[in-house]
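Student: This is a predicted model, with the sequence first.
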Amino acid sequence: MPVQCELDWRFFQVITPWLPLDVVCRIRPARCGNCGEFHPQHIHSYRDRNMVLADGTSAAILVVRFRCPYCKRTITALPKECLVRNQHEGETVVGCLEHRLLTGHTMDNPAASRPLQRYWYSGLCWQLAEISCRLEPHEAAGILHSWPVFSVLCAKPFRRLSWCDVVFRPDAYHHPLFLAIHIDSS
Ligand SMILES: [Zn+2]
């Protein structure tokens, strides 16, 4: 389960095989997003991840997977600029999509080829069509900006919820929810 935290990706840069304790403490969810237990999550593992930055260069980061001691579900805490299943910085993706929505054209961007931008745009259109089939460009851009950055290209099973809106079901860990949650961990 991916969870966005409020820390910049630079806190996650690979310097040692693990992250500093103070960073882990700041991104550790205080509550399980699956069963809802208020219990600090255990560190489960670290995972390498590549980030493509806005200027087209890339950086290696480490993300932490936490594990709930009760339901055993793992939660991956992502920096605020990261997208789920996408290496590009959120600013790049949102910028390209907004440009396409408002101008009707892909933009010249060192970090994202035009075919890639078209692929992102088709995913966005598919999601917007779930909301309404008649959206003005500025309305679509408003919706795009209202979503947590990391969920902009989320596939269908994800629901966008803020942490305070999560409703837990007693049988949740038998039927996992897929949530895109913005947590305030700062
Ligand atoms: Zn749990």
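Tutor: Arrived safely.
Student: What residues are bridge-paired with F38?
Tutor: Per DSSP bridges, the residues bridged to F38 are R31.
Student: Check it and give its pLDDT.
Tutor: On the pLDDT scale, F38 is placed at 78.
Student: From the contact counts, what lies against the biggest helix by length in the chain?
Tutor: When the chain is parsed with DSSP state H, its longest helix is helix 114-131. On a contact count with 3 or more Cβ pairs under 8 Å, 6 or more residues apart in numbering; DSSP states H and E, helix 114-131 meets helix 90-103, helix 137-146. No exception for glycine: its C-beta is placed from N, CA and C like everyone else's.
Student: one more time with 6 Å
Tutor: The contact analysis (3 or more Cβ pairs under 6 Å, 6 or more residues apart in numbering; DSSP states H and E) places helix 114-131 against helix 90-103.
Student: So which elements touch the helix it packs on?
Tutor: Applying 3+ Cβ pairs under 6 Å, 6+ apart, one finds that helix 90-103 contacts helix 114-131, helix 137-146.
Student: Turn those into a markdown table, columns for distance to the ion, mean neighbour count and mean pLDDT.
Tutor: Shown next, in a markdown table, are the helices and strands packed on helix 90-103 (distance: least, Cβ to the ion, whole Å; neighbours: other Cβ atoms under 10 Å; pLDDT from 0 to 100):
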| stretch | distance to the ion | mean neighbour count | mean pLDDT |
| --- | --- | --- | --- |
| helix 114-131 | 28 | 15 | 91 |
| helix 137-146 | 28 | 14 | 92 |
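Student: Let me have those helices in a markdown table, adding distance to E81 as columns.
Tutor: Formatted as a markdown table, the helices and strands packed on helix 90-103 follow (distance: least, Cβ to Cβ, whole Å):
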| stretch | distance to E81 |
| --- | --- |
| helix 114-131 | 16 |
| helix 137-146 | 15 |
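Student: quick one, domains of this protein?
Tutor: Domain ranges of the chain: 2-87+154-182, 90-146, per automatic domain parsing.
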